[in-house]
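# next come a sequence and a model predicted from it.
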Amino acid sequence: MSLSNKIDFAIVFSVKKANPNGDPLNGNRPRIDYDGFGEVSDVCLKRKIRNRLLDMGENIFVQSDERRIDQFRSLKDRFFAHPEIKNKEKQSVEEKIRIACKTWYDVRAFGQVFAFSKKDKKGQNEEKEGADAVSFGVRGPVTIQNAVSILPVDIFSMQITKSVNLETDPKNPDKKGSDTVGMKHRIENGVYVSKGSINCQLAEKTGFSDEDAEKLLAALRSIFVNDESAARPAGSMSVDYVIWWKHNCKNGQYSSATVHESLKVSLDKETMKPVIEITPLEGLEPEIYPGSN
């Protein structure tokens, strides 16, 4: 059974001495907008959600290579290895969508573009449809916005060095190479807010259920578990709150914009912790969950 009620949600998280989302076009510095507010892309957040769902035992189609739990090195290999899809040329697009949504949580949640070309005997791509070629898209019911900091962030940079040569100089084995390796960037403190929604009409098409929504809530509350790296040391990123608005109908009592605007997040200057204020909306009571980091 698909989702019973429209859901809006928000996630409030803190960053301390970490790089929450580096920009590869800007030397991997933390992402900021033109006004200096920090940003974490929706793609980054969805990748973290997928990783958490993998930890929770869900089947995930888009797996990061370093977190991959099967033998497939590409999305195409994973798709066509499915026993209900493999070598079935006459299978309809609707049937493939049904199988993909039933099999992979992230497909029925976020949607997916399936665009795999057929390869000829020489390995060249062909546009012709065949047993190993598909072209269709799935619209998912779960949408999530970029996370934006509630205040402008200050970026700190440091030069890092190495204490050993990467390679031995055959002409002069005792020669020490350059110490410079590169730069590391971080923000000292920041509180970020991201907002999202789950659409019932699209959930009916993909089969996204109330149980799937509860799994998404659990993933959001623990989104930074097992996400540690040199740029994000353990304990440097934590979820403060997940706010969950469950409407009493499929279309929703209020628009997502109205619901999201009812949330105001500020910073307590003494504790440096976020403070949330929610403007009451008649008939729509938010559930507030702490992070389970």
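Received it, and whenever you're ready, just let me know what you need.

# just to be sure, Asp169 is in a strand?
No - judged by DSSP: H, G, I helix; E, B strand; the rest coil, Asp169 forms no part of a strand; its state is coil.

# do you know how far it is from Phe80?
48 Å (C-beta to C-beta, to the nearest Å). Using the backbone N, CA and C atoms, a C-beta is placed for each residue, glycine as well.

# who has more neighbours, those two?
Phe80 (18 against 11; other C-beta atoms under 10 Å).

# that one against Lys86, yeah?
Yes - counting by C-beta atoms under 8 Å, Phe80 does reach Lys86; the two are 5.8 Å apart.

# identify the single longest helix in the protein, thanks.
Longest helix in the chain by number of residues (criterion: DSSP state H): helix 42-55.

# so which bits of the following helix or strand past it are buried?
Going down the chain from helix 42-55, the next helix or strand is helix 75-80, by DSSP states H and E. For helix 75-80, burial by neighbour count (16 or more other C-beta atoms under 10 Å) applies to 75-76, 78-80.

# any idea how far the helix or strand containing Leu202 is from the middle of the chain?
Leu202 belongs to helix 200-206 when assigned by DSSP H and E. Between the centre of helix 200-206 and the centre of its chain there are 20 Å (C-alpha atoms, centre = their mean, to the nearest Å).

# list the helices and strands that helix packs on?
Applying 3 or more C-beta pairs under 8 Å, 6 or more residues apart in numbering; DSSP states H and E, one finds that helix 200-206 contacts helix 105-110, strand 134-139.

# that one - what's its average pLDDT?
If you average the pLDDT over helix 200-206, you get 97.

# can you pull the buried residues of it?
So, applying 16+ other C-beta under 10 Å, buried residues of helix 200-206: 200, 202-203, 205-206.

# could you do stretch 62-79 as well?
So, applying 16+ other C-beta under 10 Å, buried residues of stretch 62-79: 63, 75-76, 78-79.

# how much space separates the nearest residue to Lys76 once chain neighbours are set aside from Phe9?
Excluding its sequence neighbours, the residue lying closest to Lys76 (C-beta to C-beta, 6 or more residues apart in numbering) is Phe116, at 4.3 Å. Phe116 sits 33 Å away from Phe9, going by C-beta to C-beta.

# mean confidence for the helix or strand just after the helix holding Leu202?
Per DSSP H and E, helix 200-206 leads on to helix 210-221 as the next helix or strand towards the C-terminus. Averaging pLDDT along helix 210-221 yields 98.

# check Val164 and give its pLDDT.
The model's pLDDT for Val164 equals 75.

# oh, I was asking about Ser2
At Ser2, pLDDT is 89.

# for it, give me its contacts.
200, 203-204, 206-209 (C-beta atoms under 8 Å, 6 or more residues apart in numbering).

# then Pro141?
Per C-beta under 8 Å, 6+ apart, neighbours of Pro141: 3, 108-109, 198-203, 206, 208.

# now these in CSV, with distance to Asn165?
Output for those, formatted as CSV (distance: C-beta to C-beta, whole Å):
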residue, distance to Asn165
Leu3, 57
Arg108, 51
Ala109, 47
Ile198, 53
Asn199, 56
Cys200, 60
Gln201, 60
Leu202, 55
Ala203, 56
Thr206, 53
Phe208, 53
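
# what is the nearest of those residues to Val181?
Nearest to Val181 among those, counting by C-beta to C-beta, is Ala109 at 39.0 Å.

# for the helices and strands packed on helix 200-206, state which one has the densest average packing.
Highest mean neighbour count among the helices and strands packed on helix 200-206 (mean count of other C-beta atoms under 10 Å): helix 105-110, with a mean of 25.

# out of the helices and strands in the chain, which is least certain?
strand 125-126 (a mean of 49; mean pLDDT, DSSP states H and E).

# common neighbours of Phe80 and Lys86, please.
By C-beta under 8 Å, 6+ apart, no residue touches both Phe80 and Lys86.

# hang on, the earlier thing: what two of the contacts of Ser2 are the furthest from one another?
Cys200 and Gly207 (12.1 Å).

# on that earlier part again, isn't the residue nearest to Lys76 right up against Val134?
Yes - look at Phe116 against Val134 with C-beta under 8 Å: they come within range, at 5.3 Å.

# need the residues touching each of these two.
Phe79.

# mind giving me the packing neighbours of the top strand by length along the chain?
Looking across the chain with DSSP state E, the single longest strand is strand 180-198. Secondary-structure packing of strand 180-198 (3+ C-beta pairs under 8 Å, 6+ apart): strand 7-18, strand 29-30, strand 37-40, strand 142-144, strand 147-152, strand 155-161, helix 256-261, strand 263-267.
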